[in-house]
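Trainee: Got a predicted structure plus its sequence, pasted below:
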Amino acid sequence: TIQTYLSMALSLFGLLLRVRDGCRRARFGLEWYIKFKDSLPKGQDKARSTVNLLLRETLACGFGSLLCTGMCIYAAIKLYMTWWHCTDGVWNLGGCIRAEQ
C-alpha cells in the first residue's frame, strides 16, 4: 500500500542522512588527526596517545558508516528481489527460496 512505500522512503531518507553524517565526521576527524599529528613536538607522549585515540575513533566511525551503508544496500536489494522477483518465497544471496507448503 501507499503507507508502506512512504514509510520505506522516509526510513531510507533517514538512513542516508545518518550515513552522510558519519562520513562527514570521519573526514573531519582525519583532517584534525593530520593537523594535530604534524604539530606535536617530540616527547609529548600523553598528547600523542590522545591523537592516536582520535585516529582510532575516527576509523571506527568510518567503518561503522561503511557497514551501515552495506547493510542498507543489502536490505534494499532483498526487498526488491522479494517483492518483484521471488513472489512465491524469500530471496537471499543464494537465490529464491520457495515456501514449502
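Mentor: Right, received. Where do you want to start?

Trainee: What is the least confident helix or strand in the protein?
Mentor: Ranking every helix and strand in the chain by mean pLDDT, DSSP states H and E puts strand 89-92 at the bottom, with a mean of 75.

Trainee: after that strand comes which helix or strand?
Mentor: Once strand 89-92 ends, the next helix or strand along the chain (criterion: DSSP states H and E) is strand 95-98.

Trainee: on that earlier part again, next one: the least confident helix or strand of the chain to chain centre, how far?
Mentor: Relative to the mean C-alpha coordinate of its chain, strand 89-92 is positioned 24 Å out (CA atoms, centre = their mean, to the nearest Å).

Trainee: Name the surrounding residues that touch it.
Mentor: Residues outside strand 89-92 that contact it (CB atoms under 8 Å, 6 or more residues apart in numbering): 78, 81-82, 85, 96-99. Glycine gets a C-beta too; all of them are placed from N, C-alpha and C.

Trainee: Please, a PyMOL command that selects the buried ones among those residues?
Mentor: Here is the PyMOL selection string for the buried members of the contacts of strand 89-92, based on 16 or more other CB atoms under 10 Å:
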select buried, resi 82
